[in-house]
Every structure is written in C-alpha cells, then in structure tokens.
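Peer 1: turn this into a structure:
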Amino acid sequence: MRQGRSSLLRQKFLEHDQRLVALLSMVRHVEVRLKQQEQHSVGRSLIALDDIIRQTETLDLELRDLQPTVNEEVEASEELLKPRPKDVPPQLLLALEKDGRSLARGYEAAAALSEGILQSLRGHRDSYQEAVTAEQKSLGGRVESLLSWLRETEAQMSGGMAAMERMEKAEDDDPGDRLSQQLSLCKAS
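Peer 2: A predicted model of the protein is given here:
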C-alpha cells in the first residue's frame with residue numbers, strides 16, 4: 001500500500017513538473033515572438049509600425065492571459081514542496097523547485113520585456129509621426145512659396161505680354177511712340 005501511494009505521489013510531482021515546463025515553454029515562445037516583432041519594426045513605415053504594435057499588443061495580451069495559470073502552478077508547486085515528502089526522489093523535488101522558480105522568473109522577465117518593447121515601439125511611432133508631420137509642414141511651406149513665386153512670375157509675364165501688345169498696337173499707330181514704350185518697358189523690368 002505504501003509503495004502504491006509513493007508511486008502516485010511521484011506521478012503527481014512528475015505531472016506537475018511537466019505542466020510547469022509546458023507553461024515555461026509557452027512563455028518563452030511568446031517572448032521569442034515579441035523579440036521578432038521588435039526586430040521587424042526597424043526601418044518600417046508608419047502604417048507597418050502601427051500593424052507591428054497591434055501584433056505586439058496581441059502577444060502582450062496572450063502573455064497576460066497566462067498569468068493566472070502561471071501563478072496557480074507556481075503556488076501549487078510551492079505547496080507540494082512544503083512537506084518535503086520522503087517518498088519522492090530528491091532529484092524530482094529539486095526539478096520541481098527549480099522549474100517553479102524558472103517559470104516565475106521567466107514570466108516576470110517576459111512581462112517586463114513585453115512592456116518595454118511596447119513602450120519602445122510606441123515611442124518610435126510617435127517620434128516618426130512627429131517627423132512626418134514636421135516634413136509635411138515644411139513641404140507645405142515650400143509649396144506656398146512656389147505658388148507665390150508662380151503667381152508673381154505669371155503677373156510679370158502678363159504685364160510683359162500686355163506691354164508687348166501695347167507696343168505692337170502703337171507700332172501700327174505711331175512708330176515714334178514705339179521707342180518710348182520700349183524704353184519704359186526696359187525701365188519696368
């Protein structure tokens with residue numbers, strides 16, 4: 001009877017350790033995907049950056065959804081280890097203890113990484129957006145300057161064309177007037 005109980009206890013410890021390892025694997029998988037999102041953000045357009053931020057927020061939610069399960073499993077492993085049962089091999093006790101600590105630390109590190117990456121991505125997006133806005137204002141100013149120059153040039157050309165037309169008309173009327181109009185045209189330019 002004692003051996004059957006001992007076997008069940010070992011099985012319980014082993015299954016719990018497997019759950020800890022599986023959860024740690026899930027946490028690390030999310031962590032790897034978070035790092036990939038951060039790498040993908042380099043040199044991207046504003047639209048692509050917004051998309052990467054949305055994907056990273058989804059990964060952050062996925063990670064946060066694991067938190068209650070992680071906490072439960074870490075607490076359960078601590079409860080299992082409190083009495084330090086003699087029927088469980090010491091290496092299994094150590095493995096459960098180590099895997100529980102690894103899961104708790106791994107989750108905290110992944111959560112901090114996720115928060116840091118999101119802050120960094122949002123900051124990058126905001127500064128990129130500010131740069132784009134500044135560039136738009138600068139280009140808008142240049143467009144206004146070019147339009148003003150175009151209006152002035154058009155006015156000068158219209159004035160010049162009108163003077164030319166007046167000269168041609170005067171030439172037809174009086175050749176002496178032509179010289180004085182050309183002189184006044186030169187002075188105006």
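Peer 1: so how far is stretch 136-155 off the chain centroid?
Peer 2: 35 Å (CA atoms, centre = their mean, to the nearest Å).
Peer 1: not counting sequence-adjacent ones, nearest residue to the residue sitting nearest the centre point of the chain?
Peer 2: Nearest to the mean C-alpha position of the chain, by CA atoms, centre = their mean, lies Leu121 at 3.5 Å. If the residues on either side of it in the chain are set aside, Leu121 comes closest to Ile53, at 5.0 Å by CB to CB, 6 or more residues apart in numbering. The C-beta positions use only the backbone N, C-alpha and C, and glycine is treated the same way.
Peer 1: what helix or strand is the one you found located in?
Peer 2: helix 46-81 (DSSP states H and E).
Peer 1: give the next helix or strand downstream of that helix.
Peer 2: Following helix 46-81 in sequence, per DSSP H and E, is helix 90-173.
Peer 1: and the pLDDT at the residue nearest to Leu121?
Peer 2: Ile53 carries a pLDDT value of 96.
Peer 1: return the distance of Glu31 relative to Leu9.
Peer 2: Going from Glu31 to Leu9 by CB to CB, to the nearest Å gives 33 Å.
Peer 1: those two: which is more packed in?
Peer 2: Glu31 (20 against 16; other CB atoms under 10 Å).
Peer 1: measure that one to Glu15 for me?
Peer 2: Glu31 is 25 Å from Glu15, by CB to CB.
Peer 1: got the domain boundaries for the chain?
Peer 2: 2-138, 144-182 (automatic domain parsing).
Peer 1: below-threshold pLDDT in this structure: ranges please.
Peer 2: For the chain, applying pLDDT under 70 flags the ranges 1-4, 160, 163-164, 166-183, 185-189.
Peer 1: again, only using 80
Peer 2: For the chain, applying pLDDT under 80 flags the ranges 1-6, 159-189.
Peer 1: just the buried residues of stretch 6-16, please?
Peer 2: Residues 9, 13, 16 are the ones in stretch 6-16 that count as buried (16 or more other CB atoms under 10 Å).
Peer 1: what strand or helix carries the last one?
Peer 2: Taking DSSP H and E as the definition, one finds His16 inside helix 2-40.
Peer 1: I'd like to know how many residues surround the residue nearest to Leu121.
Peer 2: So Ile53, with other CB under 10 Å, has 18 neighbours.
Peer 1: do the one 4 residues further on as well
Peer 2: Residue crowding around Glu57 was assessed by other CB under 10 Å; the count is 15.
Peer 1: apart from its neighbours in sequence, what residue is nearest it?
Peer 2: In space, Glu57 is closest to Leu118, 6.7 Å off (CB to CB, 6+ apart).
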